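K.L.:
Sharing a sequence plus its predicted fold:
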Amino acid sequence: MSALLPSEAPHTRLSVIVPTVKGAQRWSSMIRALERQARHAGGEVVLATAHDVPADPGEALRVVHRPGADVFELRSLGLEAASGECIAIIEDHILVSDDWCTGVLEAFARHPEADGVVGGVTNGAMRCLDRASFLLTWAPFLAPIDSVSADRCPPPGVIAFRASVVPRGRTEPGYVEYELTASLREEGRLVAAPEVSVEHIQFVGWRAFALQFHAGVAYAGLTNLSVAERPRSRRFTDAFALPRRLVRQTNRGLRRVGMVESIPCRAAVAVMALCNAVGQLVGIARHSVGHSPSHLE
């Protein structure tokens, strides 16, 4: 691993971690815009990349580079490098408003009792399969968000943490994505921040079905999570029940914001939910993630 570390400010309020397995054409303009507003907010951007490295990192941009790393490894590397009092994790295909960094910090200031804030998300990819893929993952967090979902962990992209609850040093794959967010939610330490939202723009087409399968394997195959300690028979039963639960959560999210989707899109959501469940069954049976994390973005 190599790192390009510009001079650090004596006090960093917010670290925004952006993991990416894609080349600079995917994230270059987004990173530059994010770096400018982070600098004005007294923060930094941590780009954790498995591919290209910027030739001229800005004063508020920190880069960690590990060729061949998957998104779980890159998030862990980004967390290890982050120095902010608050830490947000987004994706390289997410766009934020010009005052998003300030909004995240203001949300924490309004909620001193919270260790995490959860914002809402909108969709910027409008083809049927892209919409279905988006909804299956993000429907419980559609903007405007009024409360934290009780039955779905906020994905990276809409959540920020106080640094005090994030372990220092290298974290196990999946810990922040699944374990930390679940424990904070169950303990009532996450709050909704309806004024903070992002736009998710991911064009996946037919790849969406494979991505959902690999997402299921990557979750269920992790052995370091508390869920992996459940009896395998219980985990298999939960996986068989998963498609109905995911579709129900998606429909509930759509109703909450008054959104109506087409029948083809709803059908695609159901099939993708089945792909995720099959992936979980494979992960449980293998007791391993295999190569699935390398397929995720």
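P.N.:
Arrived safely.

K.L.:
Could you measure from the residue nearest to Ser147 when sequence neighbours are not counted over to Pro140?
P.N.:
Nearest residue to Ser147, sequence neighbours excluded (CB to CB, 6 or more residues apart in numbering): Ala192, at 5.2 Å. Placement of C-beta: from N, CA and C, glycine included. Counting by CB to CB, to the nearest Å, the separation of Ala192 from Pro140 is 11 Å.

K.L.:
Tell me which stretches of the stretch 1-150 of the chain form strands.
P.N.:
Counting by DSSP state E, counting those that start in this stretch, the stretch 1-150 of the chain has strands at residues 2-4, 14-20, 44-49, 61-65, 86-89, 94-96, 116-123.

K.L.:
Just the angle for the second one relative to strand 61-65, thanks.
P.N.:
Looking back up the chat, that one is strand 14-20. Counting by axes from the mean of the first three to the mean of the last three CA atoms, to 10 degrees, strand 14-20 lies at 40 degrees to strand 61-65.

K.L.:
How many residues are close by the nearest residue to Gly43 once chain neighbours are set aside?
P.N.:
Closest residue to Gly43 apart from its sequence neighbours, by CB to CB, 6+ apart: Leu14 at 3.5 Å. Look at Leu14: counted by other CB atoms under 10 Å, it has 23 neighbours.

K.L.:
now swap in Ala270 and tell me
P.N.:
Neighbours of Ala270 (other CB under 10 Å): 15.

K.L.:
Give me the longest strand you can find in the protein.
P.N.:
strand 190-200 (DSSP state E).

K.L.:
That one vs strand 116-123, what angle?
P.N.:
Counting by the same axes, to 10 degrees, strand 190-200 lies at 30 degrees to strand 116-123.

K.L.:
so what strands line up beside strand 190-200?
P.N.:
Partner strands for strand 190-200, per DSSP bridges, with pairing direction: strand 94-96 (antiparallel), strand 116-123 (parallel).
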